[in-house]
Structure formats: C-alpha cells, structure tokens
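>>> this one's sequence-less:
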C-alpha cells in the first residue's frame, strides 16, 4: 500500500539533489535560472505532496507546510550562497522557521530556547567571526575577488550531492515505507509544555543538567585558551628595542 | 492543539532528514571554514526536529529534553569551532579549507 510513497520519496530526493547541484556555486558561472527555478518548484511541490500524503490533509496544516518550505529553502541558500554573511542570515531564517515549527508541534519551550540560543547567541558569534576574518575593504576589488575565490567554487559538488541523495533517499524511504503515524497520538500535558519539561529536566535529568553546565564552562575556558593572542610576558622588555632604551625620557 | 492540526511525527522526521542531508552536502562542498561550521549547525537543526518528532511519536518529553542538551552541545561546538577558525585564520590569513589539506595525511 505504501510502496508508491517510497518511490515518491526517492523521486523528491533525486529532484532536490539535482536542484542543489545546480544551485551550488561554481567558478564564476552563475547558476542557470531556466533549469534551477523549475527544479526548485518541483522540489517544493514534491515535498508538499509528500507531507500531504503523510499527514493526510495538508490543507489543515498549511502553515506547518509553509514553515517546512521556508526552513528547507533557507537551508538550501545557506549551503549555496557564495557570500558568508548572507549564508549566516539565511541560517537565521532556518532557525526561526524551525522554532516556529516546533511551537506549532507542541514543543514551545524548545522553540523559544532555539530562538534565544541560536538566533540570539550562536549566530551573533558567527557574524562576529565572519566580520573579523573578512577584511574586504583592504585592497582592490580584484584582490578581494581573488581572496574569496574559495567561496565562489565548491569542492567535489557531484560526489557530495550524490552522497546527500543516498542519505536522504534511504532515510526518507524507510520513513515512507513504515507508513504514516497517527497525528499527535498522546494529548499534550495539561500543565503546559514548559512546566512539564522543567519537571522532567530537574527530576529525571538533573545530573545531566549539571553536566551540561560543566561542559559549557570547560568549553568557555578552552575557547579563551585557543583564541587569545600570545602577548609577551613582561611589558618592559618587549616595549623597546635594544638600542632604544633611554631615548624616551619620561617627564617625571 | 487540535487533532490533525499539526504535522505528524513521520512528516517531521522527513523534514529532519532533509535538513540533515542539506547540511551534509554543504559540509562536503563548501570550502570556507565558517560556512562548513554553519552547515554543521544546519545538521543540528535536522537532529533537533528529529528529536521533537521522536518525542511526539512516543508521547513523552524525553525527546525535547534531549533536544535541549543538543542545544548545549551546539553552543559548545560553535564556541570552540569558531575559536579554532580564528586561530587558523591568524596562522595562514585565509579561510580556505584547502590550505590545511596537509592535515589529511
């Protein structure tokens, strides 16, 4: 009964892989819009049809489907956009739509945490590092374009897309072959998601929460140890060159 | 939350698999170190969606609780990874992963 769903999942994965392959940055060659746009449209249509088959009625869940399309489209742009800042901003779109999807699906606290931690903290760190590491205002335009050549071309695009296709098609085929599960079989807790999650975290997973705190502190110390600049030990010996000592006369 | 109002767990797992696959493709193809780390974050998003779907399927909150721990791991990974990226950028003055291909052995 479900075998056609499996083939549908394979087909969607194949079309999506072709679209991603066409959209990946290549040496100075812009992706062909006449091929890319129909492929992306087909992929979106295929995903919507697949979700409709799984859920039973996509019309009732149209904004979940919209959020899914937004997050997948954002993820495609994260992967394929040649400019790192734009990639980071598209990743914000992925995070926000995924968080909204989680809120819709009854995981309110996780959605809120996703917005706070990912869009608020991690993404800011990424943008900081991108700004630190890309001095685009130095040098001419030609130097700049030579410098960021590694953003314009991709490494082994066909093999990577083939690997991604195999991965997604296998997983999607297994999921489709098992058949759709009942929608939300267990009613949400009456006390609300946040309170129930807090109860679970601080009773069943209390030690894990403490360990997560320790892990964060260790990572903070490690990041400081890795990324700090090595300043010379004493300032007096480093400030002056050998012949220079004594030339600078201090006023007092 | 009404019945039939949300995506069921199979559909969510499918979305998670697609996000993970996109992250894998990006990690393998892009040459900018920062974008490679960003693609691992896309993979984390797929994993998180999968955890929510699993919790929904089995009707408990352990999936979401584990998702919070995944969030912690993602924060740690971003901090340490970006520190390493900054260090590598200071050494060679470029973000191209191909400049470090001697590490391949």
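Received the coordinates, thanks. If you're wondering where the values come from, they're calculated on a predicted model, not measured in any experiment.

>>> pLDDT of the longest helix belonging to chain B, averaged?
Assignment by DSSP state H gives helix B:62-92 as the longest helix of chain B. The pLDDT scores in helix B:62-92 average 89.

>>> report whether that helix contacts chain A.
Yes - using Cβ under 8 Å from any Cβ of the partner chain, we find that helix B:62-92 touches chain A at B:62, B:64-65, B:67-69, B:71-76, B:78-80, B:82-87, B:89. Where C-beta positions appear, they are placed from N, C-alpha and C, glycine not excepted.

>>> quick one: low-confidence ranges for chain A?
A:1-2, A:28-30, A:56-60, A:134-148, A:179-189, A:230-252 (pLDDT under 70).

>>> closest to the centroid, which residue in it?
residue A:91 (5.1 Å; Cα atoms, centre = their mean).

>>> so it is in which element?
Using DSSP states H and E, residue A:91 falls within helix A:84-104.

>>> wait, does that helix make contact with chain B?
Yes - judged by Cβ under 8 Å from any Cβ, helix A:84-104 comes into contact with chain B at A:84, A:87, A:88, A:91, A:94, A:95, A:98, A:101, A:102, A:104.

>>> ditto for stretch A:116-135
Yes - remark: stretch A:116-135 sits within contact range of chain B at A:117, A:118, A:121, A:122, A:125, A:126, A:129, A:130, A:132, A:133, A:134, by Cβ under 8 Å from any Cβ.

>>> measure residue A:33 to chain B for me?
20 Å (Cβ to the nearest Cβ, to the nearest Å).

>>> wait, residue A:93
Residue A:93 is 11 Å from chain B, by Cβ to the nearest Cβ.

>>> tell me who's in contact with that residue.
A:70, A:71, A:74, A:77 (Cβ atoms under 8 Å, 6 or more residues apart in numbering or on different chains).

>>> just the closest of these to residue A:160, please.
residue A:77 (16.7 Å; Cβ to Cβ).

>>> now the closest one: which helix or strand?
Element membership for residue A:77, per DSSP H and E: helix A:62-80.

>>> just to revisit the earlier point, save the residues of helix A:84-104 next to chain B as TSV, and put in distance to residue B:19 too.
Converted to TSV, the residues of helix A:84-104 next to chain B look like this (distance: Cβ to Cβ, whole Å):
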residue	distance to residue B:19
A:84	20
A:87	15
A:88	17
A:91	11
A:94	8
A:95	11
A:98	8
A:101	11
A:102	13
A:104	16
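
>>> most neighbours, which of those residues?
Among the residues of helix A:84-104 next to chain B, residue A:98 has the most neighbours (other Cβ atoms under 10 Å in any protein chain shown), with 30 neighbours.

>>> I'd say that residue and residue B:48 touch.
Yes - when contacts are counted by Cβ atoms under 8 Å, residue A:98 is listed as touching residue B:48 (7.0 Å).

>>> common neighbours of these two, please.
With Cβ under 8 Å, 6+ apart as the test, residue A:98 and residue B:48 both reach residue A:114.

>>> thinking again about what came up before, starting at the chain centroid, how far to the helix holding residue A:91?
7 Å (Cα atoms, centre = their mean, to the nearest Å).

>>> what's the answer for stretch A:97-109, then?
Using Cα atoms, centre = their mean, the offset of stretch A:97-109 from its chain centre is 16 Å.

>>> please apply the same query to stretch B:41-59.
11 Å.

>>> so which bits of it are buried?
B:41-57 (16 or more other Cβ atoms under 10 Å in any protein chain shown).

>>> check stretch A:9-25 too.
So for stretch A:9-25, counting by 16+ other Cβ under 10 Å, buried means A:9-10, A:12-13, A:15-25.

>>> now the angle from the helix holding residue A:77 to helix A:84-104?
Between helix A:62-80 and helix A:84-104, the angle comes out at 160 degrees (axes from the mean of the first three to the mean of the last three Cα atoms, to 10 degrees).

>>> counting by contacts, list what helix A:62-80 packs against.
helix A:3-23, helix A:33-55, helix A:84-104, helix B:9-29, helix B:33-58 (3 or more Cβ pairs under 8 Å, 6 or more residues apart in numbering or on different chains; DSSP states H and E).

>>> including distance to residue A:219, could those go into CSV?
Converted to CSV, the helices and strands packed on helix A:62-80 look like this (distance: least, Cβ to Cβ, whole Å):
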stretch, distance to residue A:219
helix A:3-23, 32
helix A:33-55, 36
helix A:84-104, 20
helix B:9-29, 21
helix B:33-58, 14
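
>>> so which of those gets nearest residue A:161?
helix A:3-23 (4.5 Å).

>>> contact partners for residue A:82?
When contacts are counted by Cβ under 8 Å, 6+ apart, residue A:82 touches A:25, A:151, A:152.
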